[in-house]
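Asker: I would like to see how this sequence folds:
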Amino acid sequence: MQTIPHYINGSLVTDAERFGPVFNPATGEQDKQVALASADRVEEAIAAAKAALPAWRAASLAKRTNIFFRVREILNERKPVLAAILTSEHGKVLSDAEGEISRGLENIEFATGLSHMLKGERSEQVSSGVDVHSVRQPVGVVACITPFNFPAMVPLWMIGSALACGNTVLLKPSEKDPSSAVFIAEVFAEAGLPAGVLNVVQGDKEAVDTLLEHPDVKAVSFVGSTPIAQSIYKRAADHGKRVQALGGAKNHMVVLPDADLDMAADAAISAAYGSAGERCMAVSVLVAVGNIADDLVAAIKSRMATLKIGPGTDPASQMGPLITAEHREKVASYVAGAESEGATVVVDGRSQQFDSNGFFIGVSLVDHVKPGMKVYDDEIFGPVLSVVRVDSYSDAVRLVNDNEFGNGVAIFTRDGGAARQFEFDVEAGMVGVNVPIPVPVGTFSFGGWKNSLFGDTHMYGPDSIRFYTRGKVVTTRWPDPATSVIDLGFPQVD
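Answerer: Here you go, the predicted model:
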């Protein structure tokens, strides 16, 4: 059985006291195991990152830039290889996997502009003979703890900016699909990144606890569920670390009565069921305003019948399996309990049969959902779309704003005034207008509000530069030029 290793100080490390199973979700079979790091192993990686920090911090911006350009070239060339790894361990279809890599590469491209992003400011003669300038310097050793649902994209979100700013990195990927992290680390090494600058430690709670508590780790970036994000934010902050912890979501898609019905229905299908709903930007609640509800539900139902679910390696598949059998049962439980709470199950994905032992489930559509129902309140993280019917625009905004999460939201309408007002009114970090999944491009920053984010800065883009650096302000005074021993051409004063 293949063992997925750590990557520490430029070397693959496979020996461990404990191992975790890695399944192929499409077959339900374990075909790999991953080495789980002990506290000592994590400390070994931290020591390597700390030792590599001075030289990497001193590396010229031009050298760093060249490495990122080379990483971009290699990952583009090997996108099919990495996509196959993602599909084999996560289960998503190959087109989703390649799309994930492309969105991650946006952040590598952003990092190539590091010489511009790290520029400071300067003011001369703030007082007689006094100048002031600022610089941004790396925070040191940083830990990046990433989730299972985007095992290539989210690491690239974090490590691109962290390395560009001169930090060294400890990447702790999900133990459910850990191979892509090692693949990415080896690509960086091939591109010229020195040993110890980027390290991968595989592991579970023991590894995370060590990263959160170790004094040599100066910053922690995390993406995961809200309860874990909140815990990591508090624990890391208690140990004096800078923290950004992105949590869960319950993303709403508001459809006004004037919306293009076909556009809205197509968007709901892709946003709710793409990648099996296992993404923090998935639309899980459709808010139908006024008299559009019946037609919209019917249009979505008809499209669901043609959705092809199967192994991610099959080019015909539009949706793959869930990540584990346990998660499949959890998702199914929300559909099972919806009717008892007063909702209407329009399409029950549990009834679909598959010729496989993989972790497959059909897509579900639940109508007449209301706040207070578990299917509405909880982050399901699976292919279940809830429909909430409201009478007016103001009711829709109130529903979105009352939710504990504020990650992403979308509105579908032909009315520019309504869209502009929605942008003003809604309490969420990312807003789409006729765009169901408003993930910002790499030159902006990603992150939500309320219980979707713990910390002061968003992920990637300009906010990431602020997160991975510390500002330093230097005030300088020089002697009066007229008294200089060097003739500067000043007139002699009697």
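
Asker: CA only for contacts and neighbour counts going forward, please
Answerer: OK.

Asker: Thr226 reaches Ile232, doesn't it?
Answerer: No - in this structure, Thr226 is not within contact of Ile232 by C-alpha atoms under 8 Å, at 9.8 Å.

Asker: so how far is stretch 330-347 off the chain centroid?
Answerer: Distance of stretch 330-347 from its chain centroid, counting by C-alpha atoms, centre = their mean, to the nearest Å, is 29 Å.

Asker: For that stretch, give the mean pLDDT please.
Answerer: Confidence over stretch 330-347 (mean pLDDT, whole number) is 97.

Asker: could you dump that stretch to PDB, C-alpha only?
Answerer: Provided in PDB are the C-alpha atoms of stretch 330-347 (Å, rounded to 0.1, in the frame of the first residue of the first chain):
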ATOM      1  CA  LYS A 330     -24.600  12.800   7.700                       C
ATOM      2  CA  VAL A 331     -25.800  14.500   4.500                       C
ATOM      3  CA  ALA A 332     -28.500  12.000   4.000                       C
ATOM      4  CA  SER A 333     -29.800  12.600   7.600                       C
ATOM      5  CA  TYR A 334     -30.700  16.100   6.800                       C
ATOM      6  CA  VAL A 335     -32.900  15.000   3.900                       C
ATOM      7  CA  ALA A 336     -34.400  12.300   6.100                       C
ATOM      8  CA  GLY A 337     -35.400  14.800   8.800                       C
ATOM      9  CA  ALA A 338     -36.700  17.600   6.500                       C
ATOM     10  CA  GLU A 339     -40.300  16.400   6.200                       C
ATOM     11  CA  SER A 340     -40.700  15.900   9.900                       C
ATOM     12  CA  GLU A 341     -39.800  19.500  10.300                       C
ATOM     13  CA  GLY A 342     -42.400  20.700   7.900                       C
ATOM     14  CA  ALA A 343     -40.500  21.000   4.700                       C
ATOM     15  CA  THR A 344     -41.300  19.300   1.300                       C
ATOM     16  CA  VAL A 345     -38.800  17.000  -0.200                       C
ATOM     17  CA  VAL A 346     -39.200  17.600  -3.900                       C
ATOM     18  CA  VAL A 347     -36.300  15.400  -5.000                       C
END
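
Asker: What's the local residue count around Trp478?
Answerer: Other residues within reach of Trp478, judged by other C-alpha atoms under 10 Å, total 10.

Asker: likewise Ala51?
Answerer: By other C-alpha under 10 Å, 17 other residues sit near Ala51.

Asker: what residues are up against it?
Answerer: Counting by C-alpha atoms under 8 Å, 6 or more residues apart in numbering, Ala51 makes contact with Gly196.

Asker: Doesn't it lie inside a strand?
Answerer: No - read with DSSP: H, G, I helix; E, B strand; the rest coil, Ala51 is helix and lies in no strand.

Asker: Please tell me I have it right and Trp56 contacts Ala164.
Answerer: No - counting by C-alpha under 8 Å, Trp56 stays clear of Ala164, with 9.9 Å between them.

Asker: Neighbour count: the two, which is higher?
Answerer: Ala164 (28 against 23).

Asker: Tell me which residues touch the more buried one, please.
Answerer: The contact partners of Ala164, by C-alpha under 8 Å, 6+ apart, come to 64-65, 111-112, 114.

Asker: Specify which member of those is nearest to Ala338.
Answerer: When the contacts of Ala164 are compared for distance to Ala338 (C-alpha to C-alpha), Ala111 wins out at 45.4 Å.

Asker: ok, that closest one - contacts?
Answerer: Applying C-alpha under 8 Å, 6+ apart to Ala111 gives the contacts 65, 68, 160-161, 164.

Asker: And it, how far from Thr469?
Answerer: 14 Å (C-alpha to C-alpha, to the nearest Å).

Asker: Same question for Gly274.
Answerer: To Thr469, Gly274 is 35 Å away according to C-alpha to C-alpha.

Asker: Please tell me I have it right and Phe359 contacts Thr324.
Answerer: Yes - the criterion here is C-alpha under 8 Å, and Phe359 meets it with Thr324 at 6.1 Å.

Asker: Please identify which of these two sits among more neighbours.
Answerer: The neighbour count for Phe359 versus Thr324, taken as other C-alpha under 10 Å, is higher for Phe359 (25 against 20).

Asker: next one: phi and psi at the nearest residue to Glu213 once chain neighbours are set aside?
Answerer: Counting by C-alpha to C-alpha, 6 or more residues apart in numbering, His239 is the residue found nearest to Glu213 once chain neighbours are left out, at 6.1 Å. Reported as degrees, to the nearest 10, the phi and psi values for His239 are phi -100, psi 20.

Asker: Alright, calling it a day.
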